[in-house]
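> here are the coordinates; sequence isn't available:
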């Protein structure tokens, strides 16, 4: 039985272009999206569109990681991060804005922006099938599309008022191409102090490169100029389950041993959350 077109995806059809021939205006038909040339892309029964060509949607974000992320985010421990991203986006965009979340994960941060902008529509891009299933349900105005951030986006030029990038890989040239000249890029990334207590006790966790901030500015500088940066730093209490989920929801899950995770003495009961959030305008 053909899958019906989710309302949020219908809202976003005008943003999309065929990733194969780059023809604008995909249209729905028989549980798929089709371009005028005839290229066809499935709409999954979970509500997201699979636009990746030449490969299937894959990601390190497997079922366990996504479940852990959903549980952890539901505690509200990262709500201040969500709030600062949403506020920077809302300060830069009208209520009828188009918001593109690159590396959207479960859609948690995109939903926060859409809550701030009652007339906005959102589109999340991610490679993880498991995460996209959550992202497609994260908000009634948020659509989800399977895509790889390192490839040219399946979006027309200049269609986004806000590009959101929270703890995600970056593609500065594509960010610039899909943003309107008056649009804003919002980038949220960890500082060296982020989750310091966990990293101190679990040395196998992925570290934060001290040069990462310099690389970010070097990559973005040809395309964007920073307009405002805010630091969010606070201490969040952790239950044992919270700590386990916080490790499991990140790539560190592949490096930390099960024995370490089972050792309650290694898991802190609080953790420092420390991020920088910057709004950039296109050059």
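Perfect, I can see it now. None of the values given here were measured: they were computed from a predicted structure. Numbering: from 1, shown residues only.
> switch to C-alpha atoms for all contacts and neighbour counts from now on
Will do.
> which residues touch the residue nearest the centre of the chain?
Central residue of the chain (CA atoms, centre = their mean): residue 104, 2.1 Å from the mean position. Neighbouring residues of residue 104 by CA atoms under 8 Å, 6 or more residues apart in numbering: 110, 124-126, 135, 165-166, 168.
> Mind checking what secondary structure it has?
coil (DSSP: H, G, I helix; E, B strand; the rest coil).
> rewinding a little: the contacts of residue 104 into a markdown table, with extra columns for distance to residue 261, secondary structure and neighbour count?
Formatted as a markdown table, the contacts of residue 104 follow (distance: CA to CA, whole Å; DSSP: H, G, I helix; E, B strand; the rest coil; neighbours: other CA atoms under 10 Å):
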| residue | distance to residue 261 | secondary structure | neighbour count |
| --- | --- | --- | --- |
| 110 | 30 | helix | 31 |
| 124 | 32 | strand | 28 |
| 125 | 31 | strand | 26 |
| 126 | 28 | strand | 27 |
| 135 | 28 | helix | 29 |
| 165 | 29 | strand | 24 |
| 166 | 26 | strand | 24 |
| 168 | 25 | coil | 17 |
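> Can you tell me which of these lies closest to residue 255?
Set against residue 255, the nearest of the contacts of residue 104 by CA to CA is residue 168 (19.3 Å).
> my guess is that closest one meets residue 101, correct?
No. Residue 168 lies out of contact with residue 101 (CA atoms under 8 Å); the separation is 9.5 Å.
> Who's the closest spatial neighbour of the residue nearest to the centre of the chain, skipping the chain neighbours?
Nearest non-adjacent residue to residue 104, counting by CA to CA, 6 or more residues apart in numbering: residue 124, 5.2 Å away.
> Am I right that residue 231 falls within a strand?
Yes. Applying three-state DSSP, one finds residue 231 inside a strand.
> Show me what the residue nearest to it when sequence neighbours are not counted is bridged to.
Once flanking residues are discounted, residue 231 sits nearest to residue 276: 4.6 Å by CA to CA, 6+ apart. Listed by DSSP bridges, the beta-bridge partners for residue 276 are residue 189, residue 231.
> Okay, now the unreliable bits of this protein?
1-3, 55-60, 258, 260, 262-264 (pLDDT under 70).
> Since that was my last question, I'll sign off now.
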